[in-house]
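Enquirer: Output the structure for:
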Amino acid sequence: MEMKKLTLLLLFGLLAVVSTWGQSTFTILPKFQVGDTLLYEVQQSKNKEQADDMLACKDFSRKFYLIIKEKDREGNFKVDYLLKETNFKIDKEVRKEFVGISQVEKFLTQDILKIPILLTIDRAGRLLDVNNKDEVDKALANSLVPMATHLVNKTMKRKPTADEKKQIMESLTSKFSITDVFDEIPALFKYYGQPLIEGKSETVDSVTTKYIIARMGDGTTWLKANIDFLNGEEIVTENNPGEEFLEESDDESEDESFEDILDLGIAVIQEDEYKYNKEGIVTYLKYAFLIGSKDVNELDSSYQSKTEVNLLAIKKKQ
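Expert: Model (predicted):
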């Protein structure tokens, strides 16, 4: 009987190994060429504005260039993200409520077109740095100052002092990033340079991600991912000896309240969909973000945003 159990255990172990071998692991690497220019179009929409969204806009479309400028000594690519045109639609109610939003509109439809966003991409296609991020973030924050100042005036019933204006600027700079506004920048390079498993797979860390990846006969690759932000492994941080005596007595109640939030039936999901051509270039991507009830019958009350990016043209260096 014991020999039979041992045989079954060995058989199950062998099947697990064979199953793992059967899944093909590969990496997507973009074949960028210095001098190439890629033209993309973005369609971005959401079903409702969030209450604290100072960049309140349901629809924001744009076209941009990715210009492969040069390659440095380490083999990293210097790439310009340059906006060609933008369409920033603001509802009349929002325009009336957020006095000063016209400055934001001007920045996102005119000023930003003159500022190339400078990227460094490694040989594997991963985004290493936004070289002029501080400069562009500051320009974005400057456009938000009139609107933020008006909100402060409205709340405090007086004009802010010089120190308060400085604090407003610092707060805006820390809260708003150009890569959050134009979030296709990090999204374009998200899955480059990492091992991927063909077929269906799942990873669980702080979140749970389910993948479906297919390599087609024409050399193109399709990738779909479902990311569940509230369903992952619990991360436990051990205290140093003695630290437990320094903790506040209400920590346990705080932990319980956080667990209560997770038990409310709230879902926070992101869905990614990518298509790469045979040269590893993104030709299509879509990412959708959902905050709402796990009950599919209550989706109308949820917050949903969706961004689609399409490659329109590739101009090769002559």
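Enquirer: Show me which helix runs longest in this protein.
Expert: As assigned by DSSP state H, the longest helix anywhere in the chain is helix 133-156.
Enquirer: For that helix, name the packing helices and strands.
Expert: In this structure, helix 133-156 packs against helix 101-109, helix 162-175, helix 178-181, with contacts taken as 3 or more C-beta pairs under 8 Å, 6 or more residues apart in numbering; DSSP states H and E. C-beta here means a position set from N, CA and C on the backbone, and glycine is covered the same way.
Enquirer: Throw the ones you listed into JSON lines and include distance to residue 152 and mean neighbour count, thanks.
Expert: Formatted as JSON lines, the helices and strands packed on helix 133-156 follow (distance: least, C-beta to C-beta, whole Å; neighbours: other C-beta atoms under 10 Å):
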{"stretch": "helix 101-109", "distance to residue 152": "15", "mean neighbour count": "18"}
{"stretch": "helix 162-175", "distance to residue 152": "7", "mean neighbour count": "13"}
{"stretch": "helix 178-181", "distance to residue 152": "22", "mean neighbour count": "18"}
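Enquirer: circling back: and the longest helix of the chain, which residues are buried?
Expert: Buried residues in helix 133-156, counted by 16 or more other C-beta atoms under 10 Å: 136-137, 140-141, 143-149, 151-152.
Enquirer: Kindly report the same for stretch 27-38.
Expert: For stretch 27-38, burial by neighbour count (16+ other C-beta under 10 Å) applies to 28, 30, 32, 36-38.
Enquirer: Report the two of those residues separated the most.
Expert: Farthest apart among these by C-beta to C-beta are 28 and 37. That separation is 21.0 Å.
Enquirer: need the helix or strand of this structure with the lowest average pLDDT.
Expert: Here the helix or strand of the chain ranked lowest by mean pLDDT, DSSP states H and E is helix 2-22, holding a mean of 45.
Enquirer: what's downstream of that helix, the next helix or strand?
Expert: Proceeding N to C from helix 2-22, the next assigned helix or strand is strand 25-26, under DSSP states H and E.
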